[in-house]
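1. Turn this into a model:
(chains A and B)
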Amino acid sequence: MKIKLMENIKEFEGTISLSDIALSISNSLKKRCVAGMVDGHLKDMDYIVDKDSDVRFITNTDKEAIEILNHSTAHLMAESIKELWGNVVFGVGPAIEEGFYYDFKIDGKMLTEDDFKAIEDKMNEISRRAEHPLRKEMTKSEALSIFNGDRLKTEIINDLPDDEIISAYTQGNYIDLCRGPHIPSTSFIKHFKLLSIAGAYWRGDSKREMLQRIYGISFFEEKDLKDYLVLLEERKARDHRKLGKQMGIFMFDDLVGRGLPMWLPNGFIVRRLLSDYIMDKEIALGYQHVLTPSLGNVELYKTSGHWAHYKDDMFPKMDVDDESYVLRPMNCPHHMVMYKSQLHSYKEFPLKIAEIAADFRYEASGALTGIERTRAFYQNDSHIFAMESQIGDVFKEVVELILDVYNDFGLKDYRMRLSLRDPNDTKKYFGNDELWERSENELRQVLNDLNIDYYEALGEAAFYGPKLDVQVRSAIGHDVTLSTIQLDYQLPERFELTYIDEKGEKARPVVIHRAILGSLDRFVAFLLEETKGVLPLWLAPTQVKVIPVNLGLHKEYSDSIYQLLKKNNLRPQVDYRDEKLGYKIREAQTQKIPYQLVIGDNEVQNNTVTYRKYGEKDQVTVTKEEFVELLKKQVEERK
RNA sequence: GCCGAAAUAGCGCAAUAGGUAGAGCAACUGACUUGUAAUCAGUAGGUUGUGGGUUCGAUUCCUACUUUCGGCACCA
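-> Okay, here's the model as predicted:
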């Protein structure tokens, strides 16, 4: 039997386990091996190779290894919980992007974080026992008898096809249904930590029972674990909720209501600049801005279909006179009606109506997260009316706008998601199969033409059409949508929109919904986290802090600099407090103000300023005029 | 919405085995008049999230509610 190992081919008599193959190379390799890749499939070290194969060993430095380690750590945790509390059923316990979790339910006992110590101690104890996870393959009926009495595992097994070969792993007295592979010994698991405990619905279904879920993470090296815990702290430090409070961007108050952000003066500056920025971009591309009310007759949303789909996610309707109104959750219906108020020609197309519009959604209380997810937010929205033949061009222009904007903000870490209909749940969506297929293919086509990296996600489409979403990861690990483009044949139909085509006949337009900054609120949240609160000069609420060395001697000159900067549309502040110089400098630094000017005798005599840029140590002396030009240039370049 | 945890001064925190709360920073007052990350001293600041209960007495124990946090579910 020939085994191909990296570049070499080794011959073996009869069958042989991966473990023995590793041993035939060196004892130290065997000790480091976590698993093996046999003809592209991950296998335990126990796996018996019985034919000519390609074998690659997975050692603790390979990226697959950390996933296997975490998966095995999940099992180890489950084993520990079982030893400690006995009467427990387990759901699923996979490795995830960062670490692992396991879902379980202990009869008559709810665990809290206070129990982590006991579990970790038990895990360490089992690690020292060096238990060997042993794979056993079986038929479905064998599996059902082994897991008889375990309602959760039984359900999983029952959902598998009848002829499926099912595997389970035994370590010590613990057995778990699992595909594997697993590490050769629990002794590999040394540097781990349980991180949090939370509720999680069984099978992700909110109608079913809630289990407990413990998250944790595991590494091969202690240093990696320490680094990870530091990383978690750093992420917490750039949580927009913390930064937004520190920087005076926004606030919440119970008396106003949960999920209802109030934008403070600093926050307003950022918002206004962002609005102006995006509207300027839009105007350059021929968008026309409009303003429509935040309230609408409920009939409007019945026409659009939002009422049927999202009634429960809207604030309840208000009855006035003989009508009912709702706070709008979306702007499309208003824009549809606006379009309809006039006769349109194909010559106007694509017709782009844009609005930065206030929307209100009755988000589930548990979903509210600072200004990332609120009940009142502002959308950088637009609806583009076009002929079917223009879809490709319009779509392309919007994608390019997104890329342009992201480039301006230096955003590189995002993923394009093509959100498609769930083919198994078509009644959630309006429109027929043929239309959906066509729309989805159109989007796919454009993405391919533009050579854009994207992934497809079933079930993420809007009820009226497929979309392209740009996903980013927030500091606290939420995947959120920043930008979106949505193709819609439904609303034009429901609102009976028409245009006059080349032949002089009435035809139905298509609508493309798009949001670039998405929700302004969420965008600011993301920016704060991206920049760690160090906003680029053009967005910084205070751009320059002027610090006189001596109030008596340098105040007048400081004032003149302040006035000069003001005149040039910059946002300076002078620190007039009677404090020590070092104190004021420290404060300017902790407030992350992009430029601090220290003004003393030298500056007054030479008519100069000495600046220090945030994050740099150098002190640079230039003339007042040079400084103004430097800043204006940076603002213009949006740096 | 569901499961769990938490809520103390403007901010980030401490404390009480049940005896009406402390220091730091910030604020205010005064002294100091300063060249690149915290000058010194003093003053004021709290119905310990809200309501109810147990108790001679509750910030502490119980309970309901509100809000926040961690997840899950949701996200047009």
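2. check contacts around the residue nearest to A:Leu327 when sequence neighbours are not counted.
-> Sequence neighbours aside, A:Phe360 is the residue nearest to A:Leu327 in space, at 3.9 Å (criterion: C-beta to C-beta, 6 or more residues apart in numbering). From N, CA and C alone the C-beta is placed, and that goes for glycine too. For A:Phe360, the contact set (C-beta atoms under 8 Å, 6 or more residues apart in numbering) comprises A:Ser294, A:Met314, A:Phe315, A:Leu327, A:Arg328, A:Pro329, A:Arg375, A:Ala376.
3. In strands only, show me these.
-> A:Leu327, A:Ala376 (DSSP state E).
4. outside of stretch A:86-101, which residues touch it?
-> Under C-beta under 8 Å, 6+ apart, the answer for stretch A:86-101 is A:67-68, A:70-71, A:73-75, A:77-78, A:81-82, A:102-109, A:150-153, A:156, A:176, A:195, A:200, A:202-203, A:211, A:213-218, A:228, A:477.
5. returning to that earlier point: just name the closest of the contacts of A:Phe360 to A:Val34, please.
-> Proximity of the contacts of A:Phe360 to A:Val34 (C-beta to C-beta) peaks at A:Arg375, which lies at 47.2 Å.
6. my guess is that closest one meets A:Ser365, correct?
-> No: judged on C-beta atoms under 8 Å, A:Arg375 makes no contact with A:Ser365 at a distance of 9.5 Å.
7. Can you report phi and psi for the residue of the stretch 451-600 of chain A found nearest RNA strand B?
-> Closest approach between the stretch 451-600 of chain A and RNA strand B, counting by C-beta to the nearest atom of the strand: A:Gly600, at 2.0 Å. With angles defined as degrees, to the nearest 10, A:Gly600 sits at phi -140, psi -160.
8. And the residue nearest to it when sequence neighbours are not counted, how far from A:Tyr576?
-> Of all residues not flanking A:Gly600 in the chain, A:Val549 sits nearest, at 3.6 Å (C-beta to C-beta, 6+ apart). Shown here: A:Val549 relative to A:Tyr576, a distance of 13 Å by C-beta to C-beta, to the nearest Å.
9. Now A:Gln573: which helix or strand?
-> Per DSSP states H and E, A:Gln573 falls inside strand A:572-574.
10. And for A:Leu76?
-> A:Leu76 belongs to helix A:63-85, assigned by DSSP H and E.
11. likewise A:Gln445?
-> helix A:433-449.
12. May I see the buried residues of that helix?
-> A:Trp436, A:Arg438, A:Ser439, A:Glu440, A:Glu442, A:Leu443, A:Arg444, A:Val446, A:Leu447 (16 or more other C-beta atoms under 10 Å).
13. The nearest residue in space to the last one that is not next to it in sequence: how many residues sit nearby?
-> What sits nearest to A:Leu447 in space, not counting adjacent residues and going by C-beta to C-beta, 6+ apart, is A:Tyr454, at 5.4 Å. Per other C-beta atoms under 10 Å, the neighbour tally for A:Tyr454 reads 17.
14. For A:Val480, list the residues it contacts.
-> A:Glu372, A:Arg373, A:Gln471, A:Val472, A:Arg473, A:Ser474, A:Arg522, A:Phe526.
15. Give me the angle between the one helix or strand it maps to and helix A:433-449.
-> Element membership for A:Val480 (DSSP H and E) is strand A:479-488. Relative orientation of strand A:479-488 and helix A:433-449, computed by axes from the mean of the first three to the mean of the last three C-alpha atoms, to 10 degrees: 120 degrees.
16. Direction included, what does strand A:479-488 pair against?
-> strand A:467-473 (antiparallel), strand A:510-519 (antiparallel) (DSSP bridges).
17. Which SSE is immediately downstream of that strand?
-> Assigned by DSSP H and E, the successor of strand A:479-488 is helix A:490-494.
18. Now find how far off-centre that next one is within its chain.
-> Relative to its chain's centre, helix A:490-494 lies at 31 Å (C-alpha atoms, centre = their mean, to the nearest Å).
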